[in-house]
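Asker: just the structure for this:
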Amino acid sequence: QVHLVESGGGLVQPGGSLRLTCVASGFTDANYAIGWFRQAPGKERERISCLSWSDGSTYYADSVNGRFTTTRDNAKNTVSLQMSSLKPEDTAVYYCAADWGVCPLLGDYWGQGTQVTVSS
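Answerer: Take a look at the predicted model:
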């Protein structure tokens, strides 16, 4: 059974940085995709990044491209989202998600979510 656990959310000032981490368990081979969605109050859930575990290829939404970076630690089965140059509009609940297969991410499996607030 696939299980995802996020950590690392919090409050940060505009222009600051924050790192989210997702620990994945239950995948029996490398043929899966993992990444991040976010949902701001009153808005639809937005797919923002994806990493295909088999080849390490990545995808980013235009809204975060160049500011957010997804990396992985094979030994620890973790994926991280390094967020830089944060803006108030990045405020949202961030969810780790995963699918069997490759990017783009559809979201068959979900973590519990972690709040990110960008405010002065």
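Asker: going forward, measure contacts between C-alpha atoms and count neighbours the same way
Answerer: Noted.
Asker: separation between Asp55 and Ala33?
Answerer: As for Asp55, its distance to Ala33 is 10 Å (criterion: C-alpha to C-alpha, to the nearest Å).
Asker: show me what contacts Leu106?
Answerer: Contact analysis of Leu106 by C-alpha atoms under 8 Å, 6 or more residues apart in numbering lists Ala98, Asp99.
Asker: quick one: pLDDT of it?
Answerer: On the pLDDT scale, Leu106 is placed at 86.
Asker: re the thing from before, between Asp55 and Ala33, who's got more neighbours?
Answerer: Ala33 (25 against 12; other C-alpha atoms under 10 Å).
Asker: excluding its backbone neighbours, what's nearest the more buried one?
Answerer: The spatially closest residue to Ala33, leaving aside those adjacent along the chain, is Ser52, at 4.3 Å (C-alpha to C-alpha, 6 or more residues apart in numbering).
Asker: the one you found: how many residues sit nearby?
Answerer: Close neighbours of Ser52, defined as other C-alpha under 10 Å, add up to 23.
Asker: wait, it touches Thr71, no?
Answerer: No - between Ser52 and Thr71 no contact is recorded; they are 10.7 Å apart, counting by C-alpha atoms under 8 Å.
Asker: follow-up on the earlier one: mind checking pLDDT for the residue nearest to Ala33?
Answerer: In this prediction, Ser52 carries a pLDDT score of 92.
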